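Student: sequence first, predicted model second:
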Amino acid sequence: MNNKDIRQIRSALDQFAIELPSWGFADTGTRFGKFFQDAAASTVEEKFHDAGLVHQLTGACPTVAVHVLWDFEPGEDPKKVARLAKKHGVKVGSINPNVFQDQAYKLGSFCSPDKAARDAAIKHSYDSIDIGKAVGSKLMTMWLADGTNYPGQDSIYRRKRDLQGALKKIHDRMAKQWRGSTLLIEYKPFEPAFYHTDIADWGMAAAFARHAGTKAKVLVDTGHHLPGANIEHIVAFLLDEGMLGGFHFNDRKYADDDLTLGSIDPYAMFRIFDQIAQYAFERDLKKLPDVAYMVDQSHNLKPKLEAMVQTVMEAQSLFAKAQIVDRKALAKAQAAGDIVAAERCLKQAYEADVTPALAKWRKANGLPVDPLEELRSSGIVKKLGKERAAARRARGEVQASSYA
Ligand code: PSV
Ligand code: MN
Ligand code: MN
């Protein structure tokens, strides 16, 4: 790797901030049950503590995405939560309204046939806007569980129109009352709805965003595609349309598995980053495009903190590799129709060892050269586990096995 490559990597890493999800530090499970971890965070403060630790180790994660229902008490001053974040060296990032958990949303939120449910979803979104403003965030990420389970269950047309109207109202309120904010619209093909989902793919999300207004963009969760989808093509298309707002990073083997990034198919993530770097190259941009990078993982067996550091390091490594694709050679090969040479340009970058460049960047920023090793050898996860288990016992919370 030459000096130019190293410079390129270091400048890209400077621009690569990765937001952590508060829910990624808490106990989660599947619909079949939860397996608890002693060190999992069970309070908002513990979530920020853990996020702060990941930021300390990696230097790449200054903000934390929050879920309104999970991280804010009703009636509580949101600034209190912002202060907790600050105490742990991070800031509140994207605000995620929760319009899927309440019993009112049994048949959907903005798309429900029940007007009371639709109104409740709008009211909750407006409250979320107030929270976003109060904590100094600039992003609101909207994911809906809306959909139907059986053919004929509801009118897809009526649902679309109601959703369109609701997103426009939310967008306009954000534009008017929350300066500089962006509404990110997330799609997902299925789950929890198994017949149709009201925002099933990137095209629908983009159409809803366009109907809503200029401050609405699409959020690509890497686990939210049907098998075989070419995600880098979707990303390139959205970028070119000025519609790519952000990412939720995770990996998957089957569907929305929420595994750590790059654990199954790191080359796929590299190809996404490659399209982002290619976009900047083709437009001769001085900086990489402004995209919100966020983690959305909640695998429930890996220790939470280790899983998060692992994902961040993997993202940085794949992002770095995407910066050293020889773009001029690639353009030449593409123009000549030399498919083999073109593919080799990608493979050469993907297979390059970027560890020394990452180490240089980390050293220059006063960070441990191997943040995951630093975390694992520090014994902190064990220590937190002991403290948190004791605190849970003191609160009377039991996580014991029934075989004990
Ligand atoms: C839904 O599957 C999702 O990807 C959304 O981003 C939610 O906010 C998150 O997961 C909740 O875990
Ligand atoms: Mn997501
Ligand atoms: Mn998901």
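Tutor: That came through fine. Ligands and ions are numbered 1, 2, ... in the order given.

Student: surely residue 104 touches residue 123?
Tutor: No. Assessed by C-beta atoms under 8 Å, residue 104 is found out of contact with residue 123, at 10.7 Å. (Each C-beta comes from the backbone N, C-alpha and C, glycine too.)

Student: tell me the contacts of the residue of the stretch 301-404 of the chain found nearest ligand 1?
Tutor: Relative to ligand 1, the nearest point of the stretch 301-404 of the chain is residue 304 (13.5 Å; C-beta to the nearest ligand atom). Residue 304 is in contact with 24-26, 37, 39-41, 50, counting by C-beta atoms under 8 Å, 6 or more residues apart in numbering.

Student: after the helix or strand of the chain with the lowest mean pLDDT, next one along is what?
Tutor: None of the helices or strands of the chain scores lower by mean pLDDT, DSSP states H and E than strand 29-30, at a mean of 85. Under the assignment DSSP states H and E, the closest C-terminal helix or strand after strand 29-30 is strand 33-34.

Student: leaving out chain neighbours, which residue sits closest to the residue in the stretch 1-150 of the chain that ligand 1 sits nearest to?
Tutor: Proximity of the stretch 1-150 of the chain to ligand 1 (C-beta to the nearest ligand atom) peaks at residue 143, 3.8 Å away. Excluding the flanking residues, the one nearest residue 143 by C-beta to C-beta, 6 or more residues apart in numbering is residue 186, at 4.1 Å.

Student: so who does that neighbour touch?
Tutor: 141-143, 199, 205, 218-219, 221, 224, 248.

Student: what do you get if the cut-off is 6 Å, keeping everything else the same?
Tutor: Contact analysis of residue 186 by C-beta atoms under 6 Å, 6 or more residues apart in numbering lists 143, 219, 221.

Student: swap in residue 190?
Tutor: So residue 190 contacts residue 197 (C-beta under 6 Å, 6+ apart).

Student: before we move on, what about residue 367?
Tutor: So residue 367 contacts residue 59 (C-beta under 6 Å, 6+ apart).

Student: now do residue 249
Tutor: Counting by C-beta under 6 Å, 6+ apart, the residues that residue 249 touches are 222, 261, 295.

Student: go again using 7 Å as the cut-off
Tutor: 222, 261, 293-296, 311, 315 (C-beta atoms under 7 Å, 6 or more residues apart in numbering).

Student: residue 315 and residue 260 touch, don't they?
Tutor: No. If you go by C-beta atoms under 7 Å, residue 315 and residue 260 don't touch, sitting 9.9 Å apart.
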